[in-house]
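The following comprises the amino acid sequence and a computationally predicted model.
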Amino acid sequence: MFEARHSMDAPTTTPSADSGSDGGGGWFTPHTGPAPQPPTTGSGEEATQEEHRIPEPRQAPAAQQAQQPAPPRAAETPGPMAASARPAPTHASPDAILVRRTMEEIGPVADRVTSYFYALLFVRHPELRPLFPAAMDTQRDRLLKALLTAAEHVDNKDVLVAYLKNLGRGHRKYGTQADHYPAVGECLIAALTQYATTTWNAETEAAWVRTYTTISQVMIDAAAEDELRAPAWWMAEVVSHDLRTPDVAVVTVRPDQPYPFLAGQYTTLETPWWPRIWRHYSFASAPRSDGLLSFHVKAVPAGWVSNALVHRARPGDVLRLGPPAGSMTVDHTTDSGLLCLGGGTGIAPIKALVEDVAEHGDRRSVEVFYGARTNHDLYDIDTMLRLSQSHAWLSVRPIVDQQAHLQLPDAVREYGPWNEYDAYLSGPPGMIRSSIDTLRRIGIPGSRIRHDSVEDLVAAAD
Ligand SMILES: NC(=O)C1=CN([C@@H]2O[C@H](COP(=O)(O)OP(=O)(O)OC[C@H]3O[C@@H](n4cnc5c(N)ncnc54)[C@H](O)[C@@H]3O)[C@@H](O)[C@H]2O)C=CC1
């Protein structure tokens, strides 16, 4: 997906990271087994400090997990923000109310909470420091994002559990182990205790402990299950590097073992030059019979990874890839048309979606609007036009800001009607936001608009 999306996701663990589960209060049905169960205090029940300690995680019973059919990996990876339509909880659970109250209080001092948390973690657990990148700036933001996500989705079990499973799997590549989670949880609680001084009390602490315990258990179980069927990461050799403009390259790699994914998904990628710094890029093609994977990379100012990939990477270099993720995939159970907006290098997953429809033999209408600032920036227009010449159901319209005197989302209004279409958005965060507004204004419901996380796009732009 992109180097943006999803951001520097380094090892973590905080609800942060990306969010939660459901404890005694509600959103998670505890597994059977020897796992220590979270305390089941209700909203008004006061728990002791001892009860509030982060319990040791239960190791997932591998044998039991092995018997479960492994669902296709791609289907499990919707991020909570992957689609614009998220069902809102109808009422908040007592834990959700307490967690959100804490979040509101620490919001204005989020930077300090985050710094304090990491300082504490690395002082108390220096053995965890090597799991994180040398420069922690982006990581700090990631923690806050994860906290907010957990709070926001604390009652939304389905979305949250899917998100956490994805997160747990994704953390394998950092070397995160089950026994790291209590350390992180204790530092998180300590940081919240320090800064949420007005709202913090035993009841709130119990709510956070329950929330964090269930969050970490979902992640640990997902990682253990994943271990049975997939590597923690893939090594991938660069086999071609095509500089399309002075700052955009199409990089093609050969993974060291089969890499299953769906068109429209993205991966995380680490270069040998910036160890432990991972960035997101979408697959620019549907799965290929030769197993090769391509990415469109734009070097952005101060972008360590993107500049390395565009200006330094050459055939023979070896990258590391995390697991595939993302839910911006084609729903082959319907025959709705696809309205695709690809801005800049955001055209990469759109091209993969088009190839997916073509390979599936569907005859669904696919309308692609390909936006760029200048003609020169339409670096993949030849490929897209070639595809449209081969497929009568596909139309491709380049929208160049300078010529059209309007931006990509506005151009879509001039065509349509779009009521029989599902929309797929890919590009810079501002484009995603304004496209959502525009599409909703012209009557496309949020449930039919798909895109990757805008928050991650902002955070990972590097
Ligand atoms: N490389 C990849 O695999 C993927 C990249 N992305 C994201 O796509 C972006 C691509 O960046 P660039 O190529 O520099 O794109 P860009 O900044 O040149 O913009 C591309 C298009 O989006 C439109 N646009 C930009 N901001 C807008 C706004 N606020 N409102 C309406 N329209 C707007 C522009 O008018 C232009 O048509 C990056 O943010 C990247 O993270 C997204 C998905 C995949």
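That came through fine. Numbers count the residues shown, from 1 in each chain.

Enumerate the residues of the stretch 201-350 of the chain near the ligand.
Within the stretch 201-350 of the chain, the positions lying close to the ligand (C-beta under 6 Å from any ligand atom) are 281-282, 295-296, 298, 343-346, 348-349. In this view, the C-beta of every residue, glycine as well, is placed from N, C-alpha and C.

is it fair to say Thr345 lies in a helix?
Yes. Inclusion of Thr345 in a helix is indicated when DSSP: H, G, I helix; E, B strand; the rest coil is applied.

what's the neighbour count on it?
32 (other C-beta atoms under 10 Å).

wait, what's in contact with the closest residue to it other than its chain neighbours?
The shortest distance from Thr345 to any residue other than its chain neighbours is 4.4 Å, reached at His296 (C-beta to C-beta, 6 or more residues apart in numbering). The contact partners of His296, taken as C-beta atoms under 8 Å, 6 or more residues apart in numbering, are 248-250, 281-282, 284, 345, 347-348, 379-380.

possible to save those residues as a markdown table with secondary structure?
Written out in a markdown table, the entries for these read as follows (three-state DSSP):
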| residue | secondary structure |
| --- | --- |
| Val248 | strand |
| Ala249 | strand |
| Val250 | strand |
| Tyr281 | strand |
| Ser282 | strand |
| Ala284 | coil |
| Thr345 | helix |
| Ile347 | helix |
| Ala348 | helix |
| Tyr379 | coil |
| Asp380 | coil |
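
returning to what we had before: can you name the two of the residues of the stretch 201-350 of the chain next to the ligand that are farthest apart?
Greatest spacing in those, by C-beta to C-beta: Phe295 and Gly343 (16.5 Å).

Point to the helix or strand of this protein where mean pLDDT is at its lowest.
Of all the helices and strands that make up the chain, helix 15-18 has the lowest average by mean pLDDT, DSSP states H and E, namely a mean of 26.

can you pull out the strands in this structure?
If you assign secondary structure with DSSP state E, the strands in the chain sit at 234-245, 248-255, 266-270, 278-282, 293-298, 318-321, 337-343, 366-372, 394-400, 421-426, 449-451.

What mean pLDDT does the first one get?
Spelled out, that is strand 234-245. Over the span of strand 234-245, the pLDDT mean works out to 98.

Most proximal residue of this structure with respect to the ligand?
With C-beta to the nearest ligand atom as the measure, Gly344 is the residue of the chain nearest to the ligand, at 1.9 Å.

That residue: what's it in contact with?
With contacts taken as C-beta under 8 Å, 6+ apart, Gly344 has the following neighbours: 298, 371-373, 377, 427-428.

Check Leu98 too.
Contact analysis of Leu98 by C-beta under 8 Å, 6+ apart lists 43, 199, 203-204, 207-208.

List the ones among these that fall in helices.
Cross-referencing the contacts of Leu98 against helices under DSSP state H gives 203-204, 207-208.

neighbours around the closest residue to Ile442 other than its chain neighbours, how many?
Spatially, and ignoring its direct neighbours in sequence, Ile442 is nearest to Arg413 (6.0 Å; C-beta to C-beta, 6+ apart). The burial count assigned to Arg413 is 13, neighbours taken as other C-beta under 10 Å.

just the one 5 residues further on next, same as before
Other residues near Trp418 come to 18 when the count uses other C-beta under 10 Å.

what pLDDT, on average, does stretch 304-315 get?
Predicted confidence along stretch 304-315 averages 97 (mean pLDDT).

Can you dump the C-alpha atoms of that stretch in PDB for me?
Taking Å, rounded to 0.1, in the frame of the first residue of the first chain, the C-alpha atoms of stretch 304-315 are listed here in PDB:
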ATOM      1  CA  TRP A 304      14.200   7.400   4.600                       C
ATOM      2  CA  VAL A 305      12.700   4.300   3.300                       C
ATOM      3  CA  SER A 306      11.200   5.800   0.200                       C
ATOM      4  CA  ASN A 307      14.400   7.600  -0.800                       C
ATOM      5  CA  ALA A 308      16.400   4.400  -0.300                       C
ATOM      6  CA  LEU A 309      14.000   2.400  -2.400                       C
ATOM      7  CA  VAL A 310      13.900   5.000  -5.200                       C
ATOM      8  CA  HIS A 311      17.500   6.200  -5.300                       C
ATOM      9  CA  ARG A 312      19.500   3.300  -3.800                       C
ATOM     10  CA  ALA A 313      17.900   0.000  -4.200                       C
ATOM     11  CA  ARG A 314      19.100  -2.100  -7.200                       C
ATOM     12  CA  PRO A 315      18.600  -5.600  -8.500                       C
END
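
please renumber so the chain begins at 6
With the count now opening at 6, the last piece we talked about shows up as stretch 309-320.

For it, list every residue counted as buried.
When burial is assessed from 16 or more other C-beta atoms under 10 Å, stretch 309-320 yields the following buried residues: 309-315, 318.

What are the contacting residues of that stretch?
Counting by C-beta under 8 Å, 6+ apart, stretch 309-320 makes contact with 8, 242-246, 248, 252-254, 256, 274-276, 278-279, 282-284, 300, 302-305, 324, 467, all of which sit outside it.

Can you list the low-confidence ranges for the stretch 6-155 of the chain?
6-95, 143-153, 155 (pLDDT under 70).

returning to that earlier point: could you identify which of the ones in helices among the contacts of Leu103 has the most neighbours?
Within the ones in helices among the contacts of Leu103, Ala212 tops the neighbour count with 28 neighbours, counted by other C-beta under 10 Å.
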